[in-house]
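sequence-free structure coming up:
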């Protein structure tokens with residue numbers, strides 16, 4: 001009987017327990033939890049298992065939750081430990097009354113009150129109803145406890161931006177303010193204003209976004225930081241600011257949509273306001289930064305990522321000499337010197353004006369360590385009274401003029417580092433640009449004209465003259481006069497820009513033979529220059545046999561030298577015309593000139609080649625001799641990169657040419673030809689066919705056959721380097 005009653009009692013209790021645990025599971029163990037580790041927690045004296053994703057909290061790109069106390073999702077609400085997140089991480093003033101289980105959060109004049117176990121919340125006395133009440137929880141295995149609070153609710157009322165994604169809650173600080181009786185807030189604000197490259201921390205008001213524009217505290221920025229003449233008239237609510245260096249005077253009236261610049265009024269959709277900070281309750285006069293600073297003659301730069309405004313003086317000095325003293329027509333008088341900041345290319349520009357253009361065109365500019373020297377040749381005199389300037393605040397330390405007493409002038413520009421520079425001379429005015437941004441490993445950097453891409457520009461390597469050209473479609477001469485090319489290489493001796501056949505041609509001369517590659521960046525092109533083996537992965541020398549007075553074989557007026565040149569140069573050069581090729585080709589000759597065999601062979605060493613390929617046409621006394629044969633020298637057949645040999649290369653060429661061109665196979669042969677025997681790299685000589693042959697003559701003089709031959713040679717070169725990598 002007792003056993004029966006006990007059984008009935010158990011049957012009544014079990015459904016209740018099952019329902020209780022099921023309810024707890026609905027709260028703590030959602031179904032979609034396969035990707036999360038099980039967490040053992042103790043809630044209201046009961047231990048349960050939590051399987052849903054555990055949240056971390058990031059603030060200002062820093063994780064502020066502890067690995068032992070991550071946030072949990074309860075009843076669909078993201079709950080986080082209040083101490084770790086709000087008190088320590090976000091620096092919100094927080095108190096906890098354990099007797100009443102009451103939490104109080106205070107920030108910027110806002111007071112939020114929560115109670116553990118209660119869904120009632122109060123914001124400055126106003127009652128709100130929470131979806132999930134704050135809860136005290138124990139992380140059992142971690143042996144730590146926390147009070148979890150609703151993250152989103154608190155962020156919304158305390159002035160933080162809240163965003164949840166998967167296992168991460170991202171909290172962003174907001175600046176809360178009011179103007180014209182309206183409350184506002186923004187996440188775009190910063191505490192620093194940069195003037196002439198010096199960071200200044202703002203005390204009265206941060207930089208902040210208002211109605212799409214960035215605002216700054218007027219008096220602190222314009223008067224205390226920039227040192228301008230500043231007057232604010234309370235009675236008329238008018239601000240007057242003057243920049244004597246640029247002769248700019250700006251007038252603004254509070255809340256008025258207009259701006260007056262040198263007594264000329266224009267519309268201004270970003271008025272001047274008095275703004276009240278929510279945290280300090282202080283009223284600060286604020287101005288639209290870009291509108292006012294540019295009106296006063298300063299550069300303006302907004303860095304959205306850093307939330308930073310940078311302003312810069314546009315004029316350092318502008319010295320003018322007494323032109324009446326320029327009495328001798330044979331002397332080049334320096335009459336003007338000017339230093340300005342050019343924000344479009346982030347550089348300091350110097351303009352030195354002389355009276356004789358022919359002498360100013362002979363000026364040389366060089367760099368020795370951190371000093372850039374300008375040498376103005378005889379006969380020159382300096383008419384200005386100022387000889388030095390040291391008030392630069394960016395990349396330059398000192399500008400100094402030195403007269404040597406021998407009618408020559410040297411101007412030294414001492415930089416804080418090895419800054420880039422560019423220069424040009426036009427109509428007696430020498431312009432030197434000292435770049436604020438170091439170009440790095442690039443030897444040249446030039447701005448990109450609108451609509452120009454890397455695919456639209458061409459290059460021409462005049463390596464025999466130690467020069468290369470960059471060809472840009474269209475006339476951009478004025479563009480490059482305004483945006484000079486930056487030079488960052490001592491091996492570059494000159495850079496000239498000219499218009500040729502409707503294209504802009506940039507000619508670069510180097511002190512020694514150099515390799516180069518041209519790359520495209522977002523707003524510019526950059527060129528790396530260096531020893532060919534440091535620039536290119538693979539290097540080939542292609543040799544068009546014979547040339548000049550040496551015609552080679554002839555038949556019916558056709559000369560071997562012309563066929564060799566057409567196939568291996570004219571038809572092949574476009575295959576290797578990329579702006580940044582992996583495989584670089586140098587030709588022993590690019591025109592009809594005679595070159596000795598010794599110079600052809602030694603050229604491979606000059607350019608640091610990996611292989612050498614010479615093209616010839618055969619000849620015999622009988623017209624029945626036809627076919628292709630490839631030669632190498634046993635004296636130059638040692639193993640090179642990846643084990644490749646001259647014989648291996650000769651075999652590849654022979655197989656490909658015979659198979660794809662359909663010529664007769666005369667095999668791979670050895671001979672003591674000078675260019676293969678005396679070479680420093682694996683070398684082969686191709687006898688493509690017999691110019692004297694009854695069959696081959698018609699093939700060799702056929703344009704389609706010639707084009708196919710060029711393609712097979714090109715493809716075989718690629719196959720060689722694919723099979724035998726150089727390792728560079």
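Noted; the coordinates are in hand. From a predicted model like this one, the values you see are computed outputs, not experimental measurements.

what is the burial count for residue 47?
Applying the criterion other Cβ atoms under 10 Å, we find 11 residues in the vicinity of residue 47. Bear in mind the C-beta positions are built from the backbone N, C-alpha and C, glycine included.

and it, how far is that from residue 39?
The span separating residue 47 from residue 39 equals 11 Å under the rule Cβ to Cβ, to the nearest Å.

and what of residue 645?
Residue 645 sits 66 Å away from residue 39, taking Cβ to Cβ as the criterion.

with residue 606 instead?
Between residue 606 and residue 39 the distance, using Cβ to Cβ, works out to 71 Å.

between these two, who's got more neighbours?
The neighbour count for residue 606 versus residue 39, taken as other Cβ under 10 Å, is higher for residue 39 (19 against 14).

and the nearest residue to that one once chain neighbours are set aside, how many neighbours?
Take residue 39 and drop its neighbours on the chain: the residue closest to it by Cβ to Cβ, 6 or more residues apart in numbering is residue 50, 4.4 Å away. Residue 50: 24 surrounding residues under other Cβ under 10 Å.

any low-confidence regions in the stretch 301-450 of the chain?
Regions of the stretch 301-450 of the chain meeting the criterion pLDDT under 70 cover residues 343-346, 435-441.

tell me the contacts of the closest residue in space to residue 75 that isn't next to it in sequence?
In space, and not counting its chain neighbours, residue 75 is closest to residue 132: 4.6 Å by Cβ to Cβ, 6+ apart. Contact criterion Cβ atoms under 8 Å, 6 or more residues apart in numbering gives 74-77, 79, 119, 150 as the residues in contact with residue 132.

before we move on, which element is residue 132 in?
Per DSSP states H and E, residue 132 falls between elements, in no helix or strand.

tell me how far it lies from residue 171.
Counting by Cβ to Cβ, the gap between residue 132 and residue 171 amounts to 18 Å.

scan the helices and strands of this protein for the one with the lowest mean pLDDT.
The least trusted helix or strand in the chain, going by mean pLDDT, DSSP states H and E, turns out to be helix 2-28, with a mean of 43.

which helix or strand lies directly C-terminal to it?
Past helix 2-28, heading to the C-terminal end, the next element that is a helix or strand (DSSP H and E) is strand 39-43.

how about residue 657, phi and psi?
Backbone torsions of residue 657, given as degrees, to the nearest 10, read phi -60, psi -50.

ok, the closest residue to it other than its chain neighbours - contacts?
The spatially closest residue to residue 657, leaving aside those adjacent along the chain, is residue 628, at 5.0 Å (Cβ to Cβ, 6+ apart). With contact taken as Cβ under 8 Å, 6+ apart, residue 628 is in contact with 654, 657-658, 661, 663-666, 686-689.

what do you get for residue 300?
With contact taken as Cβ under 8 Å, 6+ apart, residue 300 is in contact with 289-290, 293-294, 309-311, 343.

ditto for residue 643
Neighbouring residues of residue 643 by Cβ under 8 Å, 6+ apart: residue 724.

how about it, phi and psi?
For residue 643, the backbone dihedrals (degrees, to the nearest 10) come out as phi 80, psi 10.

what of residue 590?
Dihedral angles (degrees, to the nearest 10) for residue 590: phi -120, psi 0.

got a pLDDT number for the closest residue to it other than its chain neighbours?
Among residues not flanking residue 590 along the chain, residue 569 sits closest, at 5.9 Å (Cβ to Cβ, 6+ apart). With respect to pLDDT, residue 569 has a value of 96.

surely residue 569 meets residue 547?
No. Look at residue 569 against residue 547 with Cβ atoms under 8 Å: they stay out of range, at 10.6 Å.

tell me where the stretch 451-600 of the chain has helices.
Along the stretch 451-600 of the chain, the segments classed as helices by DSSP state H, counting those that start in this stretch run 477-482, 532-535, 560-565, 597-607.

buried residues in the first one?
Using 16 or more other Cβ atoms under 10 Å as the burial criterion, the residues of helix 477-482 that qualify are 479-480.

which residues sit against it?
Applying Cβ under 8 Å, 6+ apart, the external contacts of helix 477-482 come out as 424, 426, 446-447, 449, 497-499, 504, 506.

touching, residue 54 and residue 167? I think so.
Yes. Residue 54 is in contact with residue 167 according to Cβ under 8 Å; the separation is 6.7 Å.

what about residue 678, distance to residue 668?
For residue 678, the distance to residue 668 under the criterion Cβ to Cβ works out to 20 Å.

and those two? which has more neighbours close in?
Each of residue 678 and residue 668 had its neighbours counted (other Cβ under 10 Å), and the higher figure belongs to residue 668 (20 against 17).

the more buried one should be in a strand, yeah?
Yes. Residue state for residue 668 (DSSP: H, G, I helix; E, B strand; the rest coil) corresponds to a strand.

ok, and the closest non-adjacent residue to it?
Nearest residue to residue 668 in three dimensions, chain neighbours excluded: residue 650, at 4.7 Å (Cβ to Cβ, 6+ apart).

picking that back up, shared neighbours of residue 569 and residue 547, anything?
The contact lists of residue 569 and residue 547 share residue 589, where a contact means Cβ under 8 Å, 6+ apart.

neighbour-wise, which of the two wins?
In this comparison of residue 569 against residue 547, neighbours counted by other Cβ under 10 Å, the higher total goes to residue 547 at 23 against 20.

show the pLDDT at that one.
In this prediction, residue 547 carries a pLDDT score of 95.

and the gap between the nearest residue to residue 205 once chain neighbours are set aside and residue 43?
Of all residues beyond its chain neighbours, the one nearest residue 205 is residue 217 (4.0 Å), with distances taken as Cβ to Cβ, 6+ apart. Spatial separation of residue 217 from residue 43 under the definition Cβ to Cβ is 49 Å.

in the stretch 301-450 of the chain, which spans are strands?
308-313, 315-320, 332-342, 347-354, 364-368, 371-376, 380-382, 388-389, 396-403, 409-415, 421-426, 429-435, 444-447 (DSSP state E, counting those that start in this stretch).

what packs against the longest one?
Applying 3 or more Cβ pairs under 8 Å, 6 or more residues apart in numbering; DSSP states H and E, one finds that strand 332-342 contacts strand 315-320, strand 347-354, strand 380-382.

before I go, just wanted to say thanks for your time.
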